[in-house]
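**Student:** this is a predicted model, with the sequence first.
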Amino acid sequence: MAIKKVWIEEGCTACEMCVDICPDVFEMGDDEAVVKQGVNYDDHASEIEEAADSCPVEVIQYE
Ligand code: SF4
């Protein structure tokens, strides 16, 4: 399955885990992580899946 969309639901605790795992897709905003735009997410599919699995509050979604 190709990943076309990545988003973060409410509840990010700004632990920075996703940024550590996949800095090409995630970055820290003012007080929570944000998804970078203009990225070919499918090039980073395994890291996105790992970040979603590793997020302690499970707010990373993708499809
Ligand atoms: S891993 Fe989850 S809680 Fe941590 S910064 Fe990323 S989205 Fe937020």
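**Tutor:** Cool, got the structure. Remember, it's a predicted structure, so these values are computed and weren't measured experimentally.
**Student:** and the gap between the residue lying farthest from the centre of the chain and the ligand?
**Tutor:** In terms of distance from the mean C-alpha position of the chain, Met1 ranks first, at 16.9 Å (C-alpha atoms, centre = their mean). With distances taken as C-beta to the nearest ligand atom, to the nearest Å, Met1 is found 21 Å from the ligand. Using the backbone N, CA and C atoms, a C-beta is placed for each residue, glycine as well.
**Student:** need the three-state assignment for Cys15.
**Tutor:** coil (DSSP: H, G, I helix; E, B strand; the rest coil).
**Student:** wait, it touches Pro56, no?
**Tutor:** Yes: between Cys15 and Pro56 there is a contact under C-beta atoms under 8 Å: 6.1 Å.
**Student:** what about those two, which has more around it?
**Tutor:** A count of neighbours by other C-beta atoms under 10 Å puts Cys15 above the other of Cys15 and Pro56, at 14 against 9.
**Student:** residues in a beta bridge with the residue nearest the centre of the chain, which ones?
**Tutor:** Taking C-alpha atoms, centre = their mean, the centroid of the chain lies closest to Phe26, which sits 5.0 Å from it. Under DSSP bridges, the beta-bridge partners of Phe26 are Val35.
**Student:** pretty sure it contacts Val39?
**Tutor:** No: assessed by C-beta under 8 Å, Phe26 is found out of contact with Val39, at 9.8 Å.
**Student:** burial measure for the closest residue to Tyr62 other than its chain neighbours, as a count.
**Tutor:** Leaving out its chain neighbours, the residue that sits closest to Tyr62 by C-beta to C-beta, 6 or more residues apart in numbering is Val6, at 4.6 Å. A total of 23 residues lie near Val6 under the criterion other C-beta under 10 Å.
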